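# Starting from these lines, generate the structure:
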Amino acid sequence: MLGRYIDQIVFGGLFATILYLFFLNAWGSIPLAGALAFACVALGRWLLKRRPTRPRASSARVQAELLRLAGLSDAEAQAELTELVRARWPGEAFYLTPVLKHPEATLSSGDVLNAWKANRDAPRLVIAATCPAEPRALVYARELRAPAVAVVDSRALSRILRRHLPAPTPTPRVSLRQRLRRTATRIATSRVTPRNPLLAISLLALYLRGGNPLCLFASMLMLAHLGVALIQRRAGRRLFE
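Numbering: from 1, shown residues only. Sure, this is the predicted structure:
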(Lines give C-alpha, C1' and ligand atoms only; values in the text may rest on other atoms or scores of the structure.)
Protein backbone atom coordinates (compact mmCIF):
# COMPACT_ATOMS: atom_id res chain seq x y z
CA MET A 1 0.00 0.00 0.00
CA LEU A 2 2.80 2.44 0.87
CA GLY A 3 4.57 1.61 -2.41
CA ARG A 4 1.41 2.47 -4.35
CA TYR A 5 1.20 5.89 -2.67
CA ILE A 6 4.87 6.54 -3.40
CA ASP A 7 4.34 5.61 -7.06
CA GLN A 8 1.37 7.97 -7.27
CA ILE A 9 3.38 10.83 -5.80
CA VAL A 10 6.39 10.20 -8.07
CA PHE A 11 4.42 9.81 -11.29
CA GLY A 12 2.10 12.67 -10.38
CA GLY A 13 5.07 14.95 -9.77
CA LEU A 14 6.70 13.86 -13.04
CA PHE A 15 3.47 14.49 -14.95
CA ALA A 16 3.07 17.93 -13.35
CA THR A 17 6.68 18.84 -14.20
CA ILE A 18 6.21 17.86 -17.85
CA LEU A 19 3.01 19.90 -18.08
CA TYR A 20 4.66 22.88 -16.40
CA LEU A 21 7.59 22.85 -18.83
CA PHE A 22 5.20 22.49 -21.77
CA PHE A 23 3.04 25.46 -20.75
CA LEU A 24 6.11 27.51 -19.83
CA ASN A 25 7.60 26.91 -23.26
CA ALA A 26 4.27 27.71 -24.94
CA TRP A 27 3.43 30.99 -23.15
CA GLY A 28 6.58 31.96 -21.28
CA SER A 29 4.71 32.83 -18.09
CA ILE A 30 5.70 31.07 -14.87
CA PRO A 31 2.44 31.80 -12.94
CA LEU A 32 0.28 30.78 -15.93
CA ALA A 33 2.29 27.60 -16.51
CA GLY A 34 2.06 26.65 -12.82
CA ALA A 35 -1.69 27.30 -12.69
CA LEU A 36 -2.38 25.32 -15.87
CA ALA A 37 -0.22 22.40 -14.75
CA PHE A 38 -1.98 22.33 -11.36
CA ALA A 39 -5.40 22.47 -13.06
CA CYS A 40 -4.51 19.60 -15.42
CA VAL A 41 -3.24 17.42 -12.57
CA ALA A 42 -6.34 18.14 -10.48
CA LEU A 43 -8.60 17.35 -13.45
CA GLY A 44 -6.74 14.11 -14.11
CA ARG A 45 -7.06 12.99 -10.48
CA TRP A 46 -10.77 13.83 -10.51
CA LEU A 47 -11.33 11.77 -13.67
CA LEU A 48 -9.39 8.80 -12.28
CA LYS A 49 -11.41 8.85 -9.08
CA ARG A 50 -14.69 8.89 -10.99
CA ARG A 51 -13.68 5.91 -13.13
CA PRO A 52 -15.25 2.75 -11.70
CA THR A 53 -12.45 0.34 -10.84
CA ARG A 54 -12.69 -3.01 -9.14
CA PRO A 55 -9.95 -3.58 -6.57
CA ARG A 56 -7.58 -6.34 -7.58
CA ALA A 57 -6.44 -9.08 -5.28
CA SER A 58 -2.92 -8.87 -3.90
CA SER A 59 -0.14 -11.25 -4.92
CA ALA A 60 -0.16 -12.87 -1.49
CA ARG A 61 -3.89 -13.55 -1.73
CA VAL A 62 -3.52 -15.00 -5.23
CA GLN A 63 -0.73 -17.31 -4.06
CA ALA A 64 -2.86 -18.42 -1.12
CA GLU A 65 -5.75 -19.17 -3.49
CA LEU A 66 -3.48 -21.22 -5.79
CA LEU A 67 -2.27 -23.19 -2.79
CA ARG A 68 -5.87 -23.78 -1.71
CA LEU A 69 -6.81 -25.02 -5.18
CA ALA A 70 -3.82 -27.36 -5.18
CA GLY A 71 -5.10 -28.95 -1.98
CA LEU A 72 -8.59 -29.69 -3.33
CA SER A 73 -9.73 -32.99 -4.76
CA ASP A 74 -9.62 -33.36 -8.55
CA ALA A 75 -13.40 -33.00 -8.89
CA GLU A 76 -13.60 -29.88 -6.72
CA ALA A 77 -10.61 -28.25 -8.42
CA GLN A 78 -12.00 -29.10 -11.85
CA ALA A 79 -15.31 -27.38 -11.07
CA GLU A 80 -13.69 -24.22 -9.70
CA LEU A 81 -11.03 -23.96 -12.40
CA THR A 82 -13.58 -24.52 -15.16
CA GLU A 83 -15.63 -21.63 -13.79
CA LEU A 84 -12.56 -19.38 -13.71
CA VAL A 85 -11.45 -20.25 -17.24
CA ARG A 86 -14.98 -19.80 -18.63
CA ALA A 87 -15.17 -16.39 -16.95
CA ARG A 88 -12.01 -15.39 -18.83
CA TRP A 89 -12.94 -16.99 -22.18
CA PRO A 90 -16.75 -17.18 -22.12
CA GLY A 91 -17.25 -18.16 -25.77
CA GLU A 92 -14.88 -21.15 -25.81
CA ALA A 93 -15.94 -24.81 -25.69
CA PHE A 94 -13.49 -27.11 -23.94
CA TYR A 95 -12.99 -29.84 -21.40
CA LEU A 96 -10.75 -28.95 -18.47
CA THR A 97 -8.49 -31.30 -16.59
CA PRO A 98 -6.63 -30.04 -13.51
CA VAL A 99 -2.99 -30.70 -12.67
CA LEU A 100 -2.73 -29.97 -8.99
CA LYS A 101 0.81 -29.22 -7.84
CA HIS A 102 2.39 -26.92 -5.33
CA PRO A 103 2.76 -23.39 -6.79
CA GLU A 104 6.55 -23.70 -6.39
CA ALA A 105 6.65 -26.82 -8.62
CA THR A 106 6.55 -26.84 -12.46
CA LEU A 107 4.39 -28.40 -15.15
CA SER A 108 6.60 -30.63 -17.32
CA SER A 109 6.18 -32.08 -20.77
CA GLY A 110 5.49 -35.44 -19.12
CA ASP A 111 2.57 -33.92 -17.18
CA VAL A 112 1.15 -32.52 -20.42
CA LEU A 113 1.49 -35.89 -22.16
CA ASN A 114 -0.20 -37.78 -19.31
CA ALA A 115 -3.11 -35.33 -19.21
CA TRP A 116 -3.50 -35.51 -23.00
CA LYS A 117 -3.45 -39.34 -23.08
CA ALA A 118 -6.04 -39.53 -20.27
CA ASN A 119 -8.48 -37.26 -22.18
CA ARG A 120 -8.16 -38.38 -25.80
CA ASP A 121 -11.94 -38.30 -26.23
CA ALA A 122 -12.25 -34.59 -25.43
CA PRO A 123 -12.87 -32.23 -28.38
CA ARG A 124 -10.53 -29.55 -27.03
CA LEU A 125 -8.56 -29.93 -23.86
CA VAL A 126 -7.52 -27.28 -21.33
CA ILE A 127 -4.82 -28.28 -18.84
CA ALA A 128 -5.18 -26.02 -15.81
CA ALA A 129 -2.16 -26.21 -13.53
CA THR A 130 -1.65 -24.57 -10.16
CA CYS A 131 2.07 -24.21 -10.92
CA PRO A 132 4.03 -22.51 -13.73
CA ALA A 133 4.59 -24.47 -16.93
CA GLU A 134 8.05 -25.11 -18.30
CA PRO A 135 8.70 -23.44 -21.69
CA ARG A 136 9.23 -26.82 -23.38
CA ALA A 137 5.91 -28.03 -21.97
CA LEU A 138 4.11 -25.05 -23.52
CA VAL A 139 5.75 -25.68 -26.90
CA TYR A 140 4.92 -29.39 -26.71
CA ALA A 141 1.27 -28.65 -25.82
CA ARG A 142 0.86 -26.54 -28.98
CA GLU A 143 2.04 -29.47 -31.13
CA LEU A 144 -0.56 -31.92 -29.83
CA ARG A 145 -3.65 -32.74 -31.88
CA ALA A 146 -6.81 -34.80 -31.38
CA PRO A 147 -7.48 -33.16 -29.04
CA ALA A 148 -5.83 -29.78 -29.29
CA VAL A 149 -4.37 -28.66 -25.99
CA ALA A 150 -4.26 -25.26 -24.28
CA VAL A 151 -2.29 -24.82 -21.06
CA VAL A 152 -3.50 -22.42 -18.37
CA ASP A 153 -0.74 -22.45 -15.79
CA SER A 154 -0.40 -20.55 -12.52
CA ARG A 155 0.74 -17.38 -14.31
CA ALA A 156 -2.45 -17.22 -16.37
CA LEU A 157 -4.55 -18.28 -13.39
CA SER A 158 -2.99 -15.51 -11.30
CA ARG A 159 -4.11 -12.88 -13.82
CA ILE A 160 -7.63 -14.33 -13.78
CA LEU A 161 -7.74 -14.55 -9.99
CA ARG A 162 -6.62 -10.93 -9.59
CA ARG A 163 -9.80 -9.83 -11.38
CA HIS A 164 -12.29 -12.41 -10.16
CA LEU A 165 -11.48 -12.98 -6.53
CA PRO A 166 -14.12 -11.38 -4.31
CA ALA A 167 -13.20 -8.29 -2.39
CA PRO A 168 -11.56 -9.16 0.93
CA THR A 169 -13.68 -8.79 4.00
CA PRO A 170 -12.41 -6.09 6.36
CA THR A 171 -10.40 -7.66 9.13
CA PRO A 172 -11.10 -6.53 12.69
CA ARG A 173 -8.60 -4.11 14.09
CA VAL A 174 -5.98 -5.74 16.27
CA SER A 175 -5.61 -4.13 19.67
CA LEU A 176 -2.30 -2.83 20.97
CA ARG A 177 -2.19 -5.60 23.55
CA GLN A 178 -2.56 -8.29 20.88
CA ARG A 179 0.14 -6.67 18.71
CA LEU A 180 2.52 -6.57 21.66
CA ARG A 181 1.75 -10.20 22.44
CA ARG A 182 2.43 -11.24 18.84
CA THR A 183 5.69 -9.30 18.82
CA ALA A 184 6.77 -10.97 22.04
CA THR A 185 5.87 -14.39 20.61
CA ARG A 186 7.92 -13.76 17.45
CA ILE A 187 10.89 -12.65 19.53
CA ALA A 188 10.59 -15.65 21.84
CA THR A 189 10.39 -18.16 18.98
CA SER A 190 13.24 -16.66 16.95
CA ARG A 191 16.40 -18.70 16.59
CA VAL A 192 19.06 -18.36 19.28
CA THR A 193 22.70 -18.66 18.20
CA PRO A 194 25.78 -19.14 20.44
CA ARG A 195 26.75 -15.51 20.00
CA ASN A 196 23.56 -14.31 21.71
CA PRO A 197 24.70 -15.12 25.27
CA LEU A 198 28.20 -13.84 24.47
CA LEU A 199 26.75 -10.53 23.31
CA ALA A 200 24.54 -10.31 26.39
CA ILE A 201 27.52 -10.92 28.69
CA SER A 202 29.57 -8.33 26.77
CA LEU A 203 26.83 -5.72 27.18
CA LEU A 204 26.58 -6.52 30.87
CA ALA A 205 30.36 -6.08 31.23
CA LEU A 206 30.13 -2.72 29.45
CA TYR A 207 27.45 -1.65 31.94
CA LEU A 208 29.57 -2.70 34.90
CA ARG A 209 32.49 -0.77 33.50
CA GLY A 210 30.82 2.38 32.21
CA GLY A 211 27.46 2.44 33.99
CA ASN A 212 25.43 2.94 30.82
CA PRO A 213 21.81 1.88 31.59
CA LEU A 214 21.12 1.11 27.92
CA CYS A 215 23.73 -1.66 28.01
CA LEU A 216 22.06 -3.12 31.11
CA PHE A 217 18.61 -2.96 29.50
CA ALA A 218 19.83 -4.60 26.27
CA SER A 219 21.68 -7.35 28.11
CA MET A 220 18.63 -8.12 30.28
CA LEU A 221 16.43 -8.37 27.18
CA MET A 222 18.86 -10.74 25.46
CA LEU A 223 19.19 -12.91 28.56
CA ALA A 224 15.40 -13.06 28.91
CA HIS A 225 15.12 -14.03 25.25
CA LEU A 226 17.68 -16.76 25.80
CA GLY A 227 15.81 -18.09 28.81
CA VAL A 228 12.46 -18.23 27.01
CA ALA A 229 14.05 -19.95 24.01
CA LEU A 230 15.67 -22.60 26.23
CA ILE A 231 12.38 -23.25 28.02
CA GLN A 232 10.52 -23.66 24.73
CA ARG A 233 13.25 -25.90 23.34
CA ARG A 234 13.02 -28.14 26.41
CA ALA A 235 9.22 -28.25 26.23
CA GLY A 236 9.25 -29.05 22.51
CA ARG A 237 11.06 -32.36 22.75
CA ARG A 238 7.80 -34.24 22.38
CA LEU A 239 6.13 -34.19 18.96
CA PHE A 240 2.49 -33.55 19.89
CA GLU A 241 2.20 -31.03 22.67
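# Wait, W116 touches P147, no?
Yes: W116 is within contact range of P147, at 7.5 Å (criterion: Cβ atoms under 8 Å). (C-beta placed from N, C-alpha, C; glycine too.)
# hang on, I127 in a strand?
Yes: per DSSP: H, G, I helix; E, B strand; the rest coil, I127 lies within a strand segment.
# Quick check: beta-bridge partners of it?
Beta bridges link I127 to T97, V151, judged by DSSP bridges.
# can you pull the contacts of it?
96-97, 99, 107, 111-112, 115-116, 141, 149-152 (Cβ atoms under 8 Å, 6 or more residues apart in numbering).
# between those, which has the most around it?
V112 (26 neighbours; other Cβ atoms under 10 Å).
# how close does the residue lying farthest from the centre of the chain sit to F94?
What lies farthest from the middle of the chain is R209; by Cα atoms, centre = their mean that is 48.9 Å. Using Cβ to Cβ, to the nearest Å, R209 is found at 76 Å from F94.
# Over to A64?
27 Å.
# Looking at those two, which one has more neighbours?
When A64 is set against F94 and neighbours are counted by other Cβ under 10 Å, the residue ahead is F94, at 19 against 15.
# residues touching the more buried one, list them.
If a contact means Cβ under 8 Å, 6+ apart, then F94 has V85, A122, P123, R124, L125, V126, A150 as its contacts.
# Quick check, the last one in contact with A141.
It refers to A150. Yes: in this structure, A150 is within contact of A141 by Cβ under 8 Å, at 7.2 Å.
# In the chain, where is pLDDT below threshold?
1-8, 10, 48, 50-57, 166-174, 180, 183-196, 225, 228-241 (pLDDT under 70).
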